[in-house]
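Trainee: Need coordinates for the below:
(chains A and B)
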There are 2 protein chains.
Amino acid sequence: MTAARISDVDVTDIRFPTSRELDGSDAMNPDPDYSAAYVVLRTDAGDGPEGHAFAFTIGRGNDLQAAAIAALRDHVVGLSVEAVCADPGSVSRALVGDSQLRWLGPEKGVTHMAIGAVVNAVWDLAARRAGKPVWKLLSDADPEWLADQVDFRYIEDALTREEAVALLRKGKDGAAGREARLLADGYPAYTTSPGWLGHSDEKLVRLARQAVADGFTQIKLKVGADLADDVRRMRAARAAVGPGIRIAVDANQRWNVAEAVAWTTALAAYDPYWIEEPTSPDDILGHAAVRRGVAPVKVATGEHAHNRVVFKQLLQAEAVDVLQIDAARVGGVNENLAILLLAAKYGVPVCPHAGGVGLCELVRHLSMFDFVALTGTTEDRVIEYVDHLHEHFEDPAVVAGGRYAAPTAPGFSSRMRAASIAAYRYPDGPFWTADAAGGRPAVRQEGTHR
Amino acid sequence: MTAARISDVDVTDIRFPTSRELDGSDAMNPDPDYSAAYVVLRTDAGDGPEGHAFAFTIGRGNDLQAAAIAALRDHVVGLSVEAVCADPGSVSRALVGDSQLRWLGPEKGVTHMAIGAVVNAVWDLAARRAGKPVWKLLSDADPEWLADQVDFRYIEDALTREEAVALLRKGKDGAAGREARLLADGYPAYTTSPGWLGHSDEKLVRLARQAVADGFTQIKLKVGADLADDVRRMRAARAAVGPGIRIAVDANQRWNVAEAVAWTTALAAYDPYWIEEPTSPDDILGHAAVRRGVAPVKVATGEHAHNRVVFKQLLQAEAVDVLQIDAARVGGVNENLAILLLAAKYGVPVCPHAGGVGLCELVRHLSMFDFVALTGTTEDRVIEYVDHLHEHFEDPAVVAGGRYAAPTAPGFSSRMRAASIAAYRYPDGPFWTADAAGGRPAVRQEGTHR
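Mentor: Residues are numbered from 1 along each chain as shown, chains lettered A, B, ... in the order given. Sure, this is the predicted structure:
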């Protein structure tokens, strides 16, 4: 085992036909086909574990995302499994540091998401070898080691290594008790399933009521396409759930700053909890202006913030009330560690983006670590939950009573079922070949799509 | 001619072995192989012009950049040549607006550079059909039409369409006289050729003296790898050129904020004119902090700023004294128009990034338009010049007496010579196949590499 090396990097283009049911429809993304550029780190360790992870895209371009992952192959093949598992940050640094590939970012776009996929696969491998879920691996880790997993380049003006170590040491106080509570009670979730733009008002109301009956205390509505529609939908949703349930609204980057303020103000009578992605994800100062303009409605963003430098500035500029990390947008667990530490220092709650395909599975590990061994709280913190495509994962997200259960299987919960990979491989899996032939797809659709 | 359509999009991976002479070496890019993901818009217009342009990369990943351009093919093939030339912005909007591809950015990284390449090829086509160089096409254009070429989404809080039109109308005053002066005298340049990190002190001093003898009033040194080296090199350069020549220094994103301030301060005795890319190109607030810390040394950045939203914030935050546009990083001429207009409104001089391969050829058109028909001045404005790889272009940049000559041939000067494309095609052009075989490359190296 000690001499094992990473022997190959397999990359697969996997696409699901989600656009056909308008699940996932919003003001900027009318017809997403949720897709994964899926990576497997193979090893020569015989029956030892592999590392699985993926970048998430919404259809076209998933082949390009897969090619970006494949371009990292030479950096990874031949590395010692033991060495990379002992220090996943070494892989992160090597990939971010490729001076020629760096020109294509730096640290943004498909090349950075590719790095995130490979780094997350290393964490999956490390956690499987350690026999722990990633949240537990992180929670058990030594503060000095965890701090060494963070790249402080470009964020030292906001967070030094010493401050990070101090936050992580403080996070150890009472961690055992919180771990027990997490395993018993799970972590709060909110649901976006009621509020897609493609749903009828009737479906919105029905799903909103169902969400409350299922134990959720927060739901989310997509907005931003038509103001009159949004006012009507928001009024209907508020009437359906009553005053005690938080309703977040999400514009998916649709507006300019002034539009964001005006539109949010027009919805204020129905008490929106946060306005999410009101404008460009690159517009730190714009978010700060929106926040000043819409208070007390909170401002949330982050699912498209491309690296720790953007998150740092969102905090420095007091541009957000809620920080939304994404497990598959930035450079993997290592960069998300940096972002969680920044948020902890600035006292801003992290409410992760999830949904898509596999994002719920991954990101719960990061919030659960944050609760057990960093901030120590779930107050005003919820993980997004969208009820689709979980059936394709070996260790799917389980939400009951409005809370995510803590995963206990070793790894990052990032491993897709072999049958799903084979069926939805694009363009040559049987679902897509049958679809292209105009026939009935040969793949049985499993799981519940409410 | 009126019925002509875009019939095909050809993409070629072209790489030059620049790393072998350490031309282009800096603190973050020790061994770049300057490369172009080259695009040709073919038409069915018989002997009508094609549109040529490219994205610039520095080696590895140029295949990925080429694939990103190819992914846009379906948006472009079949479009009316007349329609796209009458409104290049329509192509820009269609490409930026692809809701699935947008997820891979949005408006950043290889996917956005790909859009820039295609949009620039449309401008090359339009200018060839109009029988004008791009700078002249822009300078002659109606202010309302030019404003319609700009996407004001996400920048309206800093610049409205009405303000843009007013700036462009004002730019028309005296434009004819400035055009005559431009054609007679050219546009000021500065040179980076003396200051690559890979050069010996002797070579640095020799090239710096040569630059002054050649008529340049500004040179640039790469810094950021080793402070003692930089102090020694800066002292030698200042001694070589005397007090009257501006010496810019360029850290290529090497530092944290505090390091940037300390390092620049350590060089202050030798009167650096600007510090370029002191830290992450994403760090707007970081640049503002550096600027406060190093004044009166100026702060310059922009070659890696990925879209107009970043430039907007650099201006809003008073983070820069000098804005550096790049012809091939953002979404093409249309987005650079937005950036030039923002800079004009905020009164910040634009000194374009150039060098690489073909960047000098392209970006001079934008500065020349800015002089003739927007800001009307070249005061404190210079275009970067690097003396290599120009021999591969049909309409190469010509610099004499420290000034860029105005190109007069129709188009964007973006067309590479067919022999160069064939020779440096990667990996199957004769230069690379001979190189891989260990033989002497069969390609004659033309031009002067001083």
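Trainee: Work out for me the element the residue lying closest to residue A:155 once chain neighbours are set aside sits within.
Mentor: Leaving aside its chain neighbours, residue A:155 sits nearest to residue A:312 (5.0 Å; criterion: C-beta to C-beta, 6 or more residues apart in numbering or on different chains). In short, each C-beta sits where N, CA and C put it, glycine included. Per DSSP states H and E: residue A:312 is located in helix A:308-316.
Trainee: ok and that helix relative to helix B:308-316, angle-wise?
Mentor: Put simply, helix A:308-316 runs at 50 degrees to helix B:308-316, going by axes from the mean of the first three to the mean of the last three C-alpha atoms, to 10 degrees.
Trainee: which element follows helix A:308-316 toward the C-terminus?
Mentor: Next helix or strand after helix A:308-316 toward the C-terminus (DSSP H and E): strand A:322-323.
Trainee: okay but residue A:351 is in contact with residue A:385, surely?
Mentor: No: under the criterion of C-beta atoms under 8 Å, residue A:351 is not in contact with residue A:385, lying 11.3 Å apart.
Trainee: Next, show the common contact partners of those two.
Mentor: residue A:190 (C-beta atoms under 8 Å, 6 or more residues apart in numbering or on different chains).
Trainee: related to what we said a few turns ago, got a list of what the residue nearest to residue A:155 touches?
Mentor: Contacts of residue A:312 (C-beta under 8 Å, 6+ apart): A:154, A:155, A:157, A:158, A:159, A:342, B:283.
Trainee: please redo it, this time with the cut-off set to 7 Å
Mentor: Shown in contact with residue A:312 (C-beta atoms under 7 Å, 6 or more residues apart in numbering or on different chains): A:155, A:158, A:342.
Trainee: Roughly how far does residue A:290 sit from chain B?
Mentor: The spacing between residue A:290 and chain B, counted by C-beta to the nearest C-beta, to the nearest Å, is 10 Å.
Trainee: before we move on, what SS does the nearest residue to residue A:70 once chain neighbours are set aside have?
Mentor: Sequence neighbours aside, residue A:11 is the residue nearest to residue A:70 in space, at 4.9 Å (criterion: C-beta to C-beta, 6+ apart). Under the three-state scheme (DSSP: H, G, I helix; E, B strand; the rest coil), residue A:11 adopts strand.
Trainee: Just the pLDDT at residue A:11, thanks.
Mentor: Note for residue A:11: predicted pLDDT of 98.
Trainee: hang on, the earlier thing: nearest to chain B, out of the contacts of residue A:312: which one, please.
Mentor: residue A:155 (8.0 Å; C-beta to the nearest C-beta).
Trainee: Spell out which helix or strand contains the closest one, please.
Mentor: Counting by DSSP H and E, residue A:155 is part of no helix or strand.
Trainee: Please look at it and residue A:308 and confirm they touch.
Mentor: Yes: taking contacts as C-beta atoms under 7 Å, residue A:155 lies within contact range of residue A:308: 5.5 Å.
Trainee: What separation is there between the residue of chain A found nearest chain B and residue A:96?
Mentor: Going by C-beta to the nearest C-beta, chain B is nearest to residue A:109 of chain A, at 1.7 Å. Shown here: residue A:109 relative to residue A:96, a distance of 13 Å by C-beta to C-beta, to the nearest Å.
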